[in-house]
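*Asks:* Okay, sequence plus prediction incoming.
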Amino acid sequence: MQIDPRSSRQLLELQLSNMSNQTSGSAAADSTNDFSDVISGLLNTNANGASDAENQAILSKRSNDGLLWLQLGGTYSPDMYTGNTTDTNALSALLASSDAGAVDSGKSVPTDYESLIAQASIKYGVPESLIKAVIDTESGFNPNVVSSAGAKGLMQLMDGTAAGLGVSDSFDPAQNIDAGTKYLSLQLQRFGGQEKMALAAYNAGPGRLSRLGITSDSELMSMLHLLPVETQNYISKVERARSKYML
């Protein structure tokens, strides 16, 4: 049975209707505009001759996977990071090669959430020191903090992102750290392991970077003035915080 593009649009817009129209905040910013981009991509795919069965499978898979793909765009693969050791090792290697100037021994200054951070680090291939630096910058390790934009918990998850990642309670440290680390790992994957790009996307939204045509850390730093002041400061704050946790 053929899927009419207008019906696809209505179905996906209905799925998004319960999301708040957030305009700022970490880990889900700019999601409304990204949604429009993804819708256009989906309709273009249908128009380019994909089979009805293929289109149905893609739509079903992405819908069942939740809302995160709406914020990440076409590079997000719903099948990534489901315990695949190869994918995790590949991301770890990519991070190592892209940040050769930083020395991370793998050891880190302990915090109150060592076990949860270590588990997330292994699961998603993100260094413990980077996870801790993001938590430090986002919440100061306060699991109950709520930002003015509505971001919640240790890694400051917006409600739309939390829902897309299957989080039922953003104030639960276990759920928050796992979901926040997964979201960060997906940004790292999206931008080829470039940490500055991933951090900017975590804070301002990946769609904002894409619309500016920024594709690398070097381009990001030369065009940093085009991003919100919060994002400009965010990258350096995380990097400074990370130095406290690298041994």
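*Replies:* That came in fine, so what should we check first?

*Asks:* Sort out which residues of stretch 212-232 are buried, please.
*Replies:* 214, 217, 219-220, 224, 227, 231-232 (16 or more other CB atoms under 10 Å). All C-beta spots, glycine's among them, are computed from the backbone N, C-alpha and C.

*Asks:* now stretch 187-195
*Replies:* If you call a residue buried by 16+ other CB under 10 Å, then stretch 187-195 has these buried ones: 187-191, 193-195.

*Asks:* which of those residues lies closest to Y202?
*Replies:* Taking CB to CB as the measure, Q187 is the one of the buried residues of stretch 187-195 closest to Y202, at 5.5 Å.

*Asks:* from memory that closest one sits against E195, does it?
*Replies:* No: under the criterion of CB atoms under 8 Å, Q187 is not in contact with E195, lying 9.3 Å apart.

*Asks:* domain assignment for this structure?
*Replies:* Residue ranges for the structural domains of the chain, counted by automatic domain parsing, are given in the record as 5-75, 85-245.

*Asks:* mean pLDDT lowest for which of those?
*Replies:* Taking the average pLDDT of each of these, the minimum falls on domain 5-75, with a mean of 43.

*Asks:* surely F141 meets E114?
*Replies:* No: here F141 does not reach E114: they are 11.6 Å apart, not a contact under CB under 8 Å.

*Asks:* Surely L224 is in contact with Y234?
*Replies:* No: using CB under 8 Å, L224 and Y234 do not qualify as a contacting pair, with a distance of 10.5 Å.

*Asks:* show me the contacts for S148.
*Replies:* Contacts for S148 (CB atoms under 8 Å, 6 or more residues apart in numbering) come out as none.

*Asks:* and the gap between it and A241?
*Replies:* As defined by CB to CB, to the nearest Å, S148 lies at a distance of 21 Å from A241.

*Asks:* again with H225
*Replies:* As it turns out, when the distance is counted by CB to CB, H225 lies 23 Å from A241.

*Asks:* repeat for L186
*Replies:* As for L186, its distance to A241 is 21 Å (criterion: CB to CB).

*Asks:* can you count the residues close to V126?
*Replies:* A count of nearby residues for V126, using other CB atoms under 10 Å, gives 26.

*Asks:* does it sit in a helix, a strand or a coil?
*Replies:* Put simply, V126 is coil when judged by DSSP: H, G, I helix; E, B strand; the rest coil.

*Asks:* For it, what are phi and psi?
*Replies:* Main-chain dihedrals, V126, degrees, to the nearest 10: phi -110, psi 130.

*Asks:* Am I right that it is in contact with Y183?
*Replies:* No: between V126 and Y183 there is no contact, the gap being 10.2 Å when judged by CB under 8 Å.

*Asks:* So A241 sits against S129, correct?
*Replies:* No: applying CB under 8 Å as the test, A241 and S129 come out as separate, 9.1 Å apart.

*Asks:* Tell me which of the two has more neighbours.
*Replies:* Neighbour count, other CB under 10 Å: between A241 and S129, S129 has more, with 24 against 19.

*Asks:* Shouldn't the more buried one be within a helix?
*Replies:* Yes: assessed with three-state DSSP, S129 lies in a helix.
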